[in-house]
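Asker: Got a predicted model here, sequence first, then my questions.
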Amino acid sequence: MKPLLVGLDGRIIGGTGGGVEGVVQGLVSALAALSDGDDEYLVLSYRGGADDWLRPFLSGRVRAAYVRQSLPILLKRIASRWAPILRRNLLWKMARPLGWAPFQQIPTSDGTIERAGVEVMHLVRQDAFRTRVPTIYHPHDLQHRHLPQFFSPFEREARDRAYQTYCAEAAMVGVTASWGKRDLMEQYGVPAEKIWVVPWAPPLPEREPAEADLAEVRARFSLPEAFVFYPAQTWPHKNHLGLLEALGVLRRDHGRVIPLICSGRLTEHYRLLIRKARHLGIHGEVKFLGFVDSVALRVLYRLARCVVIPTKFEAASSPLWEAFAAGTPAACSRVTSLPEQAGDAAILFNADAPAEIAQAILRLWDEQDLRHQLVQRGRKRVAEFTWDRTARLFRAHYRRLSARPLTAEDQGLLAEPARL
């Protein structure tokens, strides 16, 4: 019997994929490291340097297959760069009279995986494609259903149409926590037996930062001696506004000036954040660094006094796992799956209450014993989730969906209850 060939969707331009980049890197790296079994993996990717983020993780039985960017993908990228004007106004006005074309069309496979003989396709990204090959699809989050104010009617309808189609056609729908499973059942009516909870592990560091790295990054960004850290692209739902308001509360009501460092790609929402910081009188204590490389990111976690994650919606928080893994105390909002993910290892707060966020920051800033306790709990919590286990569990699903023989390990992993 020939080896099972599994496809994985890695069609991401480096620096634009957010947490999904780390997910693909972790999964691909762990699959490549599996020494038992002869399964093979084909990762779809783009050429021209767009795959720099992925190539270091390809080895052994994991190789890349390069595809071209389709017209709908290119149009979507153009639209996102011109947002909000194009995305929220012109696209909506133009697309409906034209029957939505070409935006209405849900992408189909270009034939790459079919010609290669892929037996199971793992659609890790929300922006997937249709194929007759059995698929595992990850809708990641249905944020547009819960926070419709952050999306145009065009975006909400397009998301629903695409995600529902992919879920309906998938052989399996993957989620990172039980909350996501319940939400998919409620919002889209996806059958419970079709949804499997497979938690992600912390993103992989390329290497541990050395003392020279710490000094270089501190000097490069002129970092203060101590600071609050929040790594996230500046989308509205990430709630940088709430974090800024909390810092304003600390300054106004407590006379405390606490520096904030934010990393992550800057979206059009960034301009509003700068205006807000100036209005609150805290712009001198706030820095938005934009996208930073993986070494700088690890350094920022190491140098930060604490990590605060005020997001209004999250399928699973990579920054929370990263903080736990780096030994940095954390606080996060009690939304969606975050309470399940955090356990007792982080302070929880109401994302819509700046005073609560401020109080969480104050506790993390002032209480050394609390920071020590949270670091110990965080390390214990994150140790339960590894990319090796995630890869082995997905491998069991790949074999199950392709009707390949299951090992005793496969059967045991599939029978285990969800960990989140």
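Answerer: Perfect, I can see it now. Numbering: from 1, shown residues only.
Asker: Give me the neighbour count for residue 52.
Answerer: 11 (other C-beta atoms under 10 Å). For every residue, glycine as well, the C-beta is placed using N, CA and C.
Asker: Repeat that for residue 271.
Answerer: Residues near residue 271, counting by other C-beta under 10 Å: 11.
Asker: hmm, who's touching the helix or strand hosting it?
Answerer: Using DSSP states H and E, the element containing residue 271 is helix 270-280. Residues outside helix 270-280 that contact it (C-beta atoms under 8 Å, 6 or more residues apart in numbering) are 234, 240-241, 244-245, 247-248, 251, 283, 286, 288.
Asker: mind running it again at 7 Å?
Answerer: Identification of contacts with helix 270-280 by C-beta atoms under 7 Å, 6 or more residues apart in numbering yields 234, 240-241, 244, 248, 283, 286, 288.
Asker: now the strands for this structure?
Answerer: For the chain, the strands defined by DSSP state E occupy 5-9, 40-45, 62-66, 120-123, 135-137, 172-175, 195-197, 228-231, 260-263, 286-288, 306-309, 330-333, 347-349.
Asker: Indicate which one of those strands is closest to residue 29.
Answerer: strand 62-66 (8.5 Å; C-beta to C-beta).
Asker: Quick check: mean pLDDT of the closest one?
Answerer: Throughout strand 62-66, pLDDT has a mean value of 89.
Asker: List the contacts of the residue lying closest to residue 246 once chain neighbours are set aside.
Answerer: Nearest non-adjacent residue to residue 246, counting by C-beta to C-beta, 6 or more residues apart in numbering: residue 357, 3.7 Å away. Contact analysis of residue 357 by C-beta under 7 Å, 6+ apart lists 242-243, 246, 310, 349.
Asker: residues in contact with the nearest residue to residue 261 once chain neighbours are set aside?
Answerer: Among residues not flanking residue 261 along the chain, residue 227 sits closest, at 4.8 Å (C-beta to C-beta, 6+ apart). Neighbouring residues of residue 227 by C-beta under 7 Å, 6+ apart: 259-261, 304-305.
Asker: And residue 227, how far from residue 337?
Answerer: From residue 227 across to residue 337, the span is 27 Å (C-beta to C-beta, to the nearest Å).
Asker: Could you do residue 253 as well?
Answerer: With C-beta to C-beta as the criterion, residue 253 and residue 337 are 32 Å apart.
Asker: Please say which of these two ends up with more neighbours.
Answerer: With neighbours defined as other C-beta under 10 Å, residue 253 and residue 337 compare such that residue 337 has more, 25 against 10.
Asker: what does the model give the more buried one for pLDDT?
Answerer: For residue 337, the predicted pLDDT is 88.
Asker: tell me the contacts of it?
Answerer: Applying C-beta under 7 Å, 6+ apart, the residues near residue 337 are 176-177, 179-180, 314-316, 420.
Asker: hey, which helix is longest across this protein?
Answerer: Taking DSSP state H as the criterion, the chain has its longest helix at helix 153-169.
Asker: Compute the mean per-residue pLDDT across that one, please.
Answerer: Rounded mean pLDDT across helix 153-169 is 93.
Asker: so what secondary structure elements neighbour it?
Answerer: When contacts are defined as 3 or more C-beta pairs under 7 Å, 6 or more residues apart in numbering; DSSP states H and E, helix 153-169 packs onto helix 91-95, strand 135-137, helix 143-146.
Asker: Okay, helices next: where are they in the stretch 201-350 of the chain?
Answerer: For the stretch 201-350 of the chain, the helices defined by DSSP state H, counting those that start in this stretch cover 211-220, 240-254, 270-280, 294-303, 318-326, 338-342.
Asker: Tell me how many other residues crowd residue 57.
Answerer: 21.
Asker: Look up the pLDDT of it for me, please.
Answerer: 86.
Asker: Tell me if I'm right that it and residue 25 touch.
Answerer: Yes. With contact defined as C-beta atoms under 7 Å, residue 57 counts as touching residue 25 (5.1 Å).
Asker: re earlier: buried deepest among the helices of the stretch 201-350 of the chain, which one?
Answerer: Most buried of the helices of the stretch 201-350 of the chain by mean neighbour count (mean count of other C-beta atoms under 10 Å) is helix 318-326; its value is a mean of 25.
Asker: and the direction of it versus that of helix 294-303, what angle?
Answerer: 70 degrees (axes from the mean of the first three to the mean of the last three C-alpha atoms, to 10 degrees).
Asker: give the contact list for residue 363.
Answerer: Going by C-beta under 7 Å, 6+ apart, residue 363 touches 347, 370.
Asker: switch the cut-off to 8 Å
Answerer: 331, 347, 370.
Asker: got JSON lines for those residues, with neighbour count, pLDDT and distance to residue 362 too?
Answerer: Output for the contacts of residue 363, formatted as JSON lines (neighbours: other C-beta atoms under 10 Å; pLDDT from 0 to 100; distance: C-beta to C-beta, whole Å):
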{"residue": "331", "neighbour count": "25", "pLDDT": "97", "distance to residue 362": "10"}
{"residue": "347", "neighbour count": "21", "pLDDT": "97", "distance to residue 362": "10"}
{"residue": "370", "neighbour count": "14", "pLDDT": "96", "distance to residue 362": "11"}
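Asker: tell me which of the contacts of residue 227 is nearest to residue 40?
Answerer: residue 304 (40.5 Å).
Asker: From residue 319, how far out is that closest one?
Answerer: On the measure of C-beta to C-beta, residue 304 and residue 319 end up 11 Å apart.
Asker: Same question for residue 169.
Answerer: 32 Å.
Asker: swap in residue 163?
Answerer: Where residue 319 is concerned, residue 163 sits at a distance of 24 Å (C-beta to C-beta).
Asker: and if you look at residue 377?
Answerer: Relative to residue 319, and taking C-beta to C-beta, residue 377 is found at 17 Å.
Asker: Minimum pLDDT in the contacts of helix 270-280, which residue is that?
Answerer: Among those, residue 283 has the weakest pLDDT, 90.
Asker: Now that residue: closest residue in space, sequence neighbours ignored.
Answerer: Counting by C-beta to C-beta, 6+ apart, the residue nearest residue 283 is residue 277, at 4.1 Å.
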